[in-house]
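# Below: sequence and its predicted model.
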Amino acid sequence: MSTESLDIEDHAALAEYLRRRPEVGASVPMEMKTLAGGVSNVVLRVDVAGRDPVVIKQCRERLRVAMEWRARLDRIWAEQAPFELRNILKARGYRWNDGTNGKPRSWWIDVANDQRNAELQFLEREIYQAEIDLSPIRITVFDRFSDRA
């Protein structure tokens, strides 16, 4: 069984996996308890005989809420922002991209879709002090966490 297919809510399967690990061993007794909470993760306490308890977490495929919840992200590139205003951008959460990854040599930030207009207004008012035409890019989790910019 690969860990990619392991569902830790299946306590028998988790126990089988742990018993194959050298840290636990084949015949060591253990108890598992699902902990409360866990909107984005399944959280278990595992008590292994003769050892301190451990907590195991696994991301849920979907948040545990009544309705499906998705947050679309947009990436805003503040290209050609004045150098002397970089500290304002940094304080607001912007990150610098040096351009070596083929993306703009620029400050950038990821914002939830519902915050996009407010962020563009901030840039117009505080950074560029003029009307601007920036085109935020919708990003996926793959865009967000690959190549880090």
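Cool, got the structure.
# residue contacts, the residue of the chain positioned farthest from its centre?
Distance from the C-alpha centroid of the chain peaks at S27, with 37.0 Å (CA atoms, centre = their mean). For S27, the contacting residues are R19, by CB atoms under 8 Å, 6 or more residues apart in numbering. From N, CA and C alone the C-beta is placed, and that goes for glycine too.
# Quick one, grab the pLDDT at it.
At S27, the model reports a pLDDT of 81.
# so how far is R20 from it?
12 Å (CB to CB, to the nearest Å).
# do the same with V42
On the measure of CB to CB, V42 and R20 end up 20 Å apart.
# More neighbours: which of these two?
V42 (16 against 11; other CB atoms under 10 Å).
# Can I take it that the more buried one is in a helix?
No: V42: not assigned to a helix; according to DSSP: H, G, I helix; E, B strand; the rest coil it is strand.
# Please verify my assumption that it contacts K57.
Yes: the criterion here is CB atoms under 8 Å, and V42 meets it with K57 at 6.9 Å.
# anything in contact with each of the two?
Between them, V42 and K57 share no contacting residue, judged by CB under 8 Å, 6+ apart.
# And the helices in this structure, which stretches?
Along the chain, the segments classed as helices by DSSP state H run 11-19, 86-92, 116-122, 141-145.
# For the second one, give the mean pLDDT please.
Spelled out, that is helix 86-92. So the average pLDDT for helix 86-92 ends up being 97.
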